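Engineer: Sequence and predicted model, in that order:
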2 protein chains.
Amino acid sequence: MTDMNDADIRLLRIAYDEAKAGFDEGGCPIGSVLARGGEVVAQGRNQRVQKGDPIAHGEMDALRKAGRQKSYRDTTLYTSLSPCMMCTGTIIQFGIPRVVIGENKNFGGNEDFLRSKGVEVIVADDPDCIDLMQRFITEKPELWAEDIAE
Amino acid sequence: MTDMNDADIRLLRIAYDEAKAGFDEGGCPIGSVLARGGEVVAQGRNQRVQKGDPIAHGEMDALRKAGRQKSYRDTTLYTSLSPCMMCTGTIIQFGIPRVVIGENKNFGGNEDFLRSKGVEVIVADDPDCIDLMQRFITEKPELWAEDIAE
């Protein structure tokens, strides 16, 4: 967590709050924020259950809501859970240079691939993110399996 | 093109028709079809201009429209243009085992990465797909650059 600044802590908390809102809606509790200069550009959360949308992982929902951007080179993407391969590919394709991950205890594995493409990756090991995701996986294992196509 | 069957030719043509419809709408002309057993599950096209949606590449739009699927293991994804890193990551994450690509003359580079993950990749070198994309890149270079974040 040494590379996290005050804005990172604040913005990751918004991603967690999005995740928690998704949990309370009965969805997959993964939230995300796209930020520029410490300010929210857009925030979103997984919409698989809420909208029946399989591509709307938390990160993707935030990026969709951000709309058309000329460049992502000055942005940071915050996500409550380590990005899957879809979201990892998107981060690389969009040229997002920095990703702050709430936790990768419950799901992860693409951190080194992101780093190999020049993306700065910070893992916060946030206890609230870990606990929320663990609770979801325990309570709704089939929904979680569907979300990661397992 | 040796590995393409009659269904592939028919379904790739639907992806091209989606691309052409996108071109006629003033959008990025890239279309896609998700198919199972030679039948269309969903078809879509890039929605950057039409919906202001940066994540809705052709492949993503088709996958979104397909809704929640229990599995993609018996599907083929058709796309008029070689998938970018976002769509490549999505194909891998979703476990789509087979991708038929209209062309990769105008954009490409992720074919070997897909193959390294066990995805069968067929490139059709379709002249209509090549011509349409070339025309778009020539006429709207700034929109194309935005779509691939360059």
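Structural biologist: That came through, no problem.

Engineer: Quickly note the distance from the residue of chain A at minimum distance from chain B to B:Pro54.
Structural biologist: Relative to chain B, the nearest point of chain A is A:Gly89 (2.1 Å; CB to the nearest CB). Using the backbone N, CA and C atoms, a C-beta is placed for each residue, glycine as well. For A:Gly89, the distance to B:Pro54 equals 14 Å [CB to CB, to the nearest Å].

Engineer: the more surrounded of those two?
Structural biologist: Ranked by neighbour count (other CB atoms under 10 Å in any protein chain shown), A:Gly89 and B:Pro54 place A:Gly89 first, with 28 against 25.

Engineer: can you pull the contacts of that one?
Structural biologist: B:Cys84, B:Met85, B:Met86, B:Cys87, B:Thr88, B:Gly89, B:Thr90, B:Ile92, B:Gln93 (CB atoms under 8 Å, 6 or more residues apart in numbering or on different chains).

Engineer: which element follows the strand or helix carrying it toward the C-terminus?
Structural biologist: A:Gly89 belongs to helix A:85-94 when assigned by DSSP states H and E. Moving toward the C-terminus from helix A:85-94, the next helix or strand (DSSP H and E) is strand A:98-101.

Engineer: Can you give me the pLDDT of A:Gln50?
Structural biologist: A:Gln50 is assigned 98 on the pLDDT scale.

Engineer: how deep is it tucked in, by neighbour count?
Structural biologist: Residues near A:Gln50, counting by other CB under 10 Å: 16.

Engineer: is it true that it touches A:Pro29?
Structural biologist: No - using CB atoms under 8 Å, A:Gln50 makes no contact with A:Pro29, being 11.6 Å away.

Engineer: got the angle between the helix holding A:Gly89 and helix B:85-94?
Structural biologist: Relative orientation of helix A:85-94 and helix B:85-94, computed by axes from the mean of the first three to the mean of the last three CA atoms, to 10 degrees: 170 degrees.

Engineer: I'd like the C-alpha coordinates of helix A:85-94 written as PDB, please.
Structural biologist: Provided in PDB are the C-alpha atoms of helix A:85-94 (Å, rounded to 0.1, in the frame of the first residue of the first chain):
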ATOM      1  CA  MET A  85      -8.800 -11.000 -18.600                       C
ATOM      2  CA  MET A  86     -11.600  -9.000 -20.300                       C
ATOM      3  CA  CYS A  87     -10.900  -6.000 -18.100                       C
ATOM      4  CA  THR A  88      -7.200  -6.500 -18.200                       C
ATOM      5  CA  GLY A  89      -7.300  -6.500 -22.000                       C
ATOM      6  CA  THR A  90      -9.400  -3.300 -21.900                       C
ATOM      7  CA  ILE A  91      -7.000  -1.500 -19.600                       C
ATOM      8  CA  ILE A  92      -4.200  -2.300 -22.000                       C
ATOM      9  CA  GLN A  93      -6.200  -1.500 -25.100                       C
ATOM     10  CA  PHE A  94      -7.400   1.900 -23.700                       C
END
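
Engineer: picking up where we left off before, need the max-distance pair from the contacts of A:Gly89.
Structural biologist: B:Cys84 and B:Gln93 (14.2 Å; CB to CB).

Engineer: Counting neighbours around each, name which of the two comes out higher.
Structural biologist: For B:Cys84 versus B:Gln93, the count of surrounding residues by other CB under 10 Å is larger for B:Cys84: 26 against 23.

Engineer: how about the residues of chain A near chain B?
Structural biologist: Neighbours of chain B within chain A, by CB under 8 Å from any CB of the partner chain: A:48, A:52-56, A:60, A:63-64, A:66-72, A:84-90, A:92-95, A:146, A:148-149.

Engineer: To what extent is A:Asp24 buried, counted in neighbours?
Structural biologist: 9.

Engineer: Quick check: it vs B:Leu11, distance?
Structural biologist: Counting by CB to CB, the gap from A:Asp24 to B:Leu11 is 41 Å.

Engineer: Do I have it right that A:Glu25 meets A:Gln50?
Structural biologist: Yes - using CB under 8 Å, A:Glu25 makes contact with A:Gln50 at a distance of 5.7 Å.

Engineer: Double-check A:Glu59 against A:Thr90; I have them as touching.
Structural biologist: Yes - in this structure A:Glu59 lies within contact range of A:Thr90 using CB under 8 Å: 6.7 Å.

Engineer: in chain A, which helix has the most residues?
Structural biologist: Looking across chain A with DSSP state H, the single longest helix is helix A:6-24.

Engineer: Which elements pack onto the following helix or strand past it?
Structural biologist: Helices and strands here follow DSSP H and E; after helix A:6-24, the next one along the chain is strand A:31-36. Counting contacts by 3 or more CB pairs under 8 Å, 6 or more residues apart in numbering or on different chains; DSSP states H and E, strand A:31-36 packs against helix A:6-24, strand A:39-45, helix A:58-66, strand A:75-79.

Engineer: Please consider this matter closed, and thank you.
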